[in-house]
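A.B. asks: Sharing a sequence plus its predicted fold:
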Amino acid sequence: GGVTSASIAELLQLLFALQRPAPGSHGSESFFAGDDPSQGAGEKRKRADPPPAGRGGKPADKRVRALLSQCWLGFLRLPLTKPLYKYILERMHADILPNLTQPLLLSDFLTASYNVGGITSLLALGGLYTLISKHNLDYPRFFDKLYALFNPAVCHARYRAQFFQQSSAFLSSRYAPGYMMAAFAKRMARLSLTAPPHTALALLAMIYNLLLRHPSCRVLLHREAPPPDAKQQERELQTLSDTVLFLGPTTTEPPASATPVPEGSDALPAGPKGDPFQEDAPLQDCRALESSLWELGALRSHYCPEVARFARVFERDMEKHRQRFDLNDFFRSSYPILLEASVKRQRKEVPYEQLDTSTVLDSAPLKAFLS
């Protein structure tokens, strides 16, 4: 008969049992302890016993690694179910690639997965970046694809914490071009306007860490709109004069210098000229360095007090506060945690002033009035 999903799941369990998990991995039993789609809800699932400890966290014998490599290459050609496919991608960079003799043999598999989009691209991100950074895989448009993954859907994805942590590591290089880092900072700032509060906090922390590593991008914090040229100013003043003094036909059309905002668009203008940042353009053409992080000013009036308070950290001098934020502290946050912290916080101001009624009742004017 054909290969069933149950037999494929058993083969995957066997492959993870034959190799020792790499250091820092989470073991091989989490999926088979309760997430195996091929087994019924009432069936008992057996956890794979960990293999004997080896040196270096990898199989000691190179021949075993060569056999494991052949097994993995053959296994990935099987018709995998979607849950198994996603689980393999999640474990790829930590538990599979370190145990292969030639990890680059999986470059086509990871590249195709990265180009699928959605959750599949998020899960393939770690394995693909491992091949790029440690095995010299040539993938020239990696950051273009990563930039496209920063969309509103990722703020609500199940694997958003893993995606933001990996993206923060990818953007940690001090040798990346300034236009690229400015584009990512601007993209994250735009996402934080509509993201859930706990996700907006993580995005703001990533922006702060990015600006610390790349001082050339700090111009986005305090940039003012460039003044128009003399002829443009003259045209605008003439239009305003004709409108006020009724010397010409009145019109409600915006001046030529204003940037029209299409109906139904969520792009918010930064000033009279609008924001030059083009969020739908490719990474190289988005004009992020010409823009400003005006979104941080809007976030200071956020409905969540935690977000509004954290947005003010960008007002301090970064040369004196060079301590980067730990993203793990923000991924533990949630709506109940933020609500509890807001309720428990003691307010400094007193809403009402308590009066001493004894002095009021004993006053002479009141006694004279009551007598």
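C.D. replies: Sure thing, it's come through.

A.B. asks: alpha carbons only for contacts and neighbour counts from here, please
C.D. replies: OK.

A.B. asks: How many residues are close by Y303?
C.D. replies: Y303 is flanked by 10 other residues according to other C-alpha atoms under 10 Å.

A.B. asks: measure it to R309 for me?
C.D. replies: For Y303, the distance to R309 equals 11 Å [C-alpha to C-alpha, to the nearest Å].

A.B. asks: Check Q19 too.
C.D. replies: 48 Å.

A.B. asks: So for those two, which residue has more residues nearby?
C.D. replies: Set side by side, Q19 and R309 show more neighbours around Q19, with 24 against 13, by other C-alpha under 10 Å.

A.B. asks: does that one really touch N99, like I thought?
C.D. replies: Yes - using C-alpha atoms under 8 Å, Q19 is in contact with N99, at 7.4 Å.

A.B. asks: which secondary structure elements does whichever helix or strand E306 is part of contact?
C.D. replies: For E306, the element it lies in under DSSP states H and E is helix 305-310. Secondary-structure packing of helix 305-310 (3 or more C-alpha pairs under 8 Å, 6 or more residues apart in numbering; DSSP states H and E): helix 197-213, helix 335-344.

A.B. asks: now those helices in JSON lines, with distance to D317?
C.D. replies: Shown next, in JSON lines, are those (distance: least, C-alpha to C-alpha, whole Å):
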{"stretch": "helix 197-213", "distance to D317": "11"}
{"stretch": "helix 335-344", "distance to D317": "27"}
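
A.B. asks: The ones you listed: lowest mean pLDDT?
C.D. replies: Lowest mean pLDDT of the helices and strands packed on helix 305-310: helix 335-344, a mean of 70.

A.B. asks: Helix, strand or coil: sort out Q323 for me.
C.D. replies: Reduced to three states with DSSP: H, G, I helix; E, B strand; the rest coil, the structure at Q323 is coil.

A.B. asks: What does it show for phi and psi?
C.D. replies: Recorded main-chain torsions at Q323 are phi -80, psi 120, according to degrees, to the nearest 10.

A.B. asks: Enumerate every residue touching it.
C.D. replies: With C-alpha atoms under 8 Å, 6 or more residues apart in numbering as the criterion, no residue contacts Q323.

A.B. asks: quick one: it and R174, what's the gap?
C.D. replies: Counting by C-alpha to C-alpha - Q323 and R174 are separated by 16 Å.

A.B. asks: Kindly report the same for H135.
C.D. replies: According to C-alpha to C-alpha, H135 and R174 sit 20 Å apart.

A.B. asks: Okay, and the nearest residue to N115 once chain neighbours are set aside sits in which element?
C.D. replies: In this structure, N115 finds its nearest non-sequential neighbour in S121, 6.4 Å apart by C-alpha to C-alpha, 6 or more residues apart in numbering. Per DSSP H and E, S121 falls inside helix 118-135.

A.B. asks: Tell me the helix or strand right after the worst-scoring helix or strand of the chain on mean pLDDT.
C.D. replies: The weakest-scoring helix or strand in the chain, judged by mean pLDDT, DSSP states H and E, is helix 30-34 (a mean of 37). Where DSSP H and E defines the elements, the next helix or strand beyond helix 30-34 is helix 62-75.

A.B. asks: Tell me the helices and strands packed up against that following helix.
C.D. replies: Packing partners of helix 62-75 (3+ C-alpha pairs under 8 Å, 6+ apart): helix 5-18.

A.B. asks: Any idea how far apart the tips of stretch 127-142 sit?
C.D. replies: End-to-end for stretch 127-142, by C-alpha to C-alpha: 12 Å.

A.B. asks: in that stretch, what counts as buried?
C.D. replies: Within stretch 127-142, the residues that count as buried by 16 or more other C-alpha atoms under 10 Å are G127, L128, Y129, T130, L131, I132.
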